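Undergrad: here is my input, please return the structure:
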Amino acid sequence: MLRFIILVTLLVSSACALQWKIYREELIGNEESSDEVIVKMNQGLPGVCWVCKWAMKKVKKKISNGTTADDIKNKLTRVCDWIGFLKIMCKSLVNKYVGTLVEELSTSDNPATICINIGVCKKKT
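TA: Here you go, the predicted structure:
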């Protein structure tokens, strides 16, 4: 029974990996950078909004009024190291929007507003 479960798990994993490879090759065929591809794929996922709010909340806590743009950028590049299995999604999001995020984090906007402004979260009505 255990062998059967392991075999089924391997088959399902292989099928998913193959589908992922085909999908990624289709997107990369449009000559986009890998970060843009990952962000496009992640934008349809429900977790990307949560990842954005989580990262912005962490960075907001670590900056003050006198923090420079370079300091904010450094904090943004390191914040994804603490998110666990969503690290790739977080890093691709930060890499794509780093300039905008630095500007947004320099304002008094809250994390949810920042994520709505960059377009990864929907505004609640």
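
Undergrad: drop to CA atoms for contacts and neighbour counts, all remaining ones
TA: OK.

Undergrad: okay, and the spatially closest residue to residue 81 that is not a sequence neighbour sits in which element?
TA: For residue 81, ignoring the flanking residues on the chain, the nearest one in space by CA to CA, 6 or more residues apart in numbering is residue 87 at 6.4 Å. Element membership for residue 87, per DSSP states H and E: helix 87-105.

Undergrad: how's the chain carved up into domains?
TA: What the record gives for the chain is the domain set 2-31, 45-117, from automatic domain parsing.

Undergrad: lowest average pLDDT across those domains?
TA: The minimum mean pLDDT among the domains of the chain belongs to domain 2-31 (a mean of 68).

Undergrad: that older thread, just so I know, which of the domains of the chain lies nearest residue 124?
TA: Closest to residue 124 of the domains of the chain is domain 45-117 (CA to CA; 9.4 Å).

Undergrad: residue 113 - how many residues pack around it?
TA: Per other CA atoms under 10 Å, the neighbour tally for residue 113 reads 17.

Undergrad: then residue 61?
TA: 8.

Undergrad: export the strand or helix carrying it to PDB, keeping only CA atoms.
TA: In the assignment (DSSP H and E), residue 61 maps to helix 47-62. C-alpha atoms of helix 47-62 as PDB (Å, rounded to 0.1, in the frame of the first residue of the first chain):
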ATOM      1  CA  GLY A  47      -1.600  34.400  -2.000                       C
ATOM      2  CA  VAL A  48       0.200  37.200  -3.900                       C
ATOM      3  CA  CYS A  49      -1.900  39.900  -2.100                       C
ATOM      4  CA  TRP A  50      -1.200  38.300   1.300                       C
ATOM      5  CA  VAL A  51       2.600  38.100   0.500                       C
ATOM      6  CA  CYS A  52       2.600  41.800  -0.500                       C
ATOM      7  CA  LYS A  53       0.800  42.900   2.600                       C
ATOM      8  CA  TRP A  54       3.100  40.700   4.800                       C
ATOM      9  CA  ALA A  55       6.300  42.100   3.300                       C
ATOM     10  CA  MET A  56       5.100  45.700   3.400                       C
ATOM     11  CA  LYS A  57       4.100  45.300   7.000                       C
ATOM     12  CA  LYS A  58       7.500  43.900   7.900                       C
ATOM     13  CA  VAL A  59       9.400  46.600   6.100                       C
ATOM     14  CA  LYS A  60       7.200  49.400   7.400                       C
ATOM     15  CA  LYS A  61       8.000  48.300  11.000                       C
ATOM     16  CA  LYS A  62      11.800  48.600  10.300                       C
END
